[in-house]
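In: Take a look and give me a structure for this.
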Amino acid sequence: MVVNNIDKVKHKVYTRQVAGVPVCTERKYMKRAIHLTLLREGVDMPCVVNVLLTDDIGIRRYNLEHRGKDAATDVLSFPMQEFGCPGWSGIVDVDIDLVSGFVPLGDMVISVETIQRQADEFGHSILQELIHMVIHSTLHLLGYDHYDDESEKEMRDIEAELSRERALKI
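Out: Sure thing, here's the model as predicted:
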């Protein structure tokens, strides 16, 4: 874990839940997972991340509209920055919101229904599965992907490292 002045950088995380989606967690855990992921990656500029909690119908619409896939999924990530290689050090050109001074890192859409099914399948809490997906999506916002075995292993290793982080123990 990186420990220096980077841990003083304040990020903004906005969460929104669509009507009818059951409250599944305290938002502070999602915010903490995003912050720790950004800290681990050495993000030294204040960023904004938007999180939308929805159901399978909602995420299916996003998946169809943005990826052409007519299916529900667990999480979708919409990065707003360009990376030449994964991680903050791979950022090509930083776009900063001139009004707020924050870097709009991107948006994530999470299906609470799918997260619940996966938590049941893997035998852990919905909160643990949600935190895992938030870390996963934040890594996507930072340019990581799992397009081959090597890149998938890299993401999984980082996710496992962050999941062991004491501050995320639930």
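In: Let me know the secondary structure of the nearest residue to C85 once chain neighbours are set aside.
Out: Closest residue to C85 apart from its sequence neighbours, by C-beta to C-beta, 6 or more residues apart in numbering: G143 at 6.8 Å. Quick note: C-beta positions are derived from backbone N, CA and C, even for glycine. Assigned by DSSP: H, G, I helix; E, B strand; the rest coil, the conformation of G143 is coil.
In: Residue numbering should commence at 116 henceforth.
Out: Done: numbering now begins at 116, and the last item shifts to G258.
In: measure G258 to G221 for me?
Out: From G258 over to G221 the distance is 10 Å, taken as C-beta to C-beta, to the nearest Å.
In: overlap in contacts of the two?
Out: 194, 196 (C-beta atoms under 8 Å, 6 or more residues apart in numbering).
In: okay, and for this structure, where does confidence drop off?
Out: 116-122, 134, 136-140, 281-282, 284-285 (pLDDT under 70).
In: and with 50 instead?
Out: Segments of the chain classed as low confidence (criterion: pLDDT under 50) are 116-119.
In: could you pull out the helices for it?
Out: 142-155, 171-182, 227-237, 241-256, 264-278 (DSSP state H).
In: Let me know whether V227 touches D170 as I believe.
Out: Yes - judged on C-beta atoms under 8 Å, V227 makes contact with D170 at a distance of 6.4 Å.
In: between those two, who's got more neighbours?
Out: For V227 versus D170, the count of surrounding residues by other C-beta atoms under 10 Å is larger for V227: 24 against 17.
In: how much space is there between that one and E197?
Out: In terms of C-beta to C-beta, V227 sits 30 Å off from E197.
In: Out of the helices of the chain, which is the most enclosed?
Out: helix 241-256 (a mean of 23; mean count of other C-beta atoms under 10 Å).
In: got the angle for that one vs helix 142-155?
Out: Using axes from the mean of the first three to the mean of the last three C-alpha atoms, to 10 degrees, the direction of helix 241-256 lies 40 degrees away from that of helix 142-155.
In: Is R155 in contact with E274, as I believe?
Out: No - using C-beta under 8 Å, R155 is not in contact with E274; the gap is 10.6 Å.
In: Spit out the contact partners of the residue lying closest to A234 once chain neighbours are set aside.
Out: Excluding its sequence neighbours, the residue lying closest to A234 (C-beta to C-beta, 6+ apart) is E244, at 3.9 Å. E244 is in contact with 230-231, 233-234, 237, counting by C-beta under 8 Å, 6+ apart.
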